[in-house]
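A.B. asks: mind looking at a prediction? Sequence and model below.
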Amino acid sequence: MLNFMEWFLPLVLIVLISLPLIKVFRGRVSVVSAKRRLFGHVFGFFGVVAFIFGFQLLFQNQLMAAETETAVDLMTGTMAQGLGFLSAALATGMSALGAGIAVAAAAPAAIGAFSENEKNFGKSLIFVALGEGVAIYGLLISILIINKL
């Protein structure tokens, strides 16, 4: 079951990042003003995180006694397993990053080619799909790595 910190901090991050964007979508605030507010909210989030971690440091002795028994049970595994999970995460993350870069370059070109000649739709769609294939291959590699652990 999730404790207070594991559900509260992501919820605060989502709320603080989305609040300045509401007025932009409604058309009431300029983009420059929204950027300033967004940076303020992001720094506010990190301030809340620093406050909560400082609060935990004050009461660390009381929390440590309660968590010691469960933490030892959860920390099982070898260094090789940890590096395996890290390599799986890197394979997925880097392939998704590469796919994003490929699609960012191919999709506008495909839209431009389609707008000039409608017969180019199939040809241009292939290049966009090839860029997305990179992310699928990275996910497949990470699944294979995790299955070997």
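C.D. replies: Received the coordinates, thanks. Numbering: from 1, shown residues only.
A.B. asks: switch to C-alpha atoms for all contacts and neighbour counts from now on
C.D. replies: Fine.
A.B. asks: what's the weakest-modelled helix or strand in this structure?
C.D. replies: Of all helical and strand segments in the chain, the minimum by mean pLDDT, DSSP states H and E falls on helix 60-74, at a mean of 59.
A.B. asks: pLDDT (mean, whole number) over the following helix or strand past it?
C.D. replies: Remark: after helix 60-74, the chain's next helix or strand is helix 79-116, criterion DSSP states H and E. What helix 79-116 shows for mean pLDDT is 90.
A.B. asks: show me how far helix 79-116 is from its chain's centre.
C.D. replies: Its chain's C-alpha centre and that of helix 79-116 lie 13 Å apart, by Cα atoms, centre = their mean, to the nearest Å.
A.B. asks: so which bits of the helix or strand following it are buried?
C.D. replies: Downstream of helix 79-116, the next assigned helix or strand under DSSP H and E is helix 121-148. For helix 121-148, burial by neighbour count (16 or more other Cα atoms under 10 Å) applies to 124, 127-128, 131-132, 134-136, 138-139, 141-142, 145-146.
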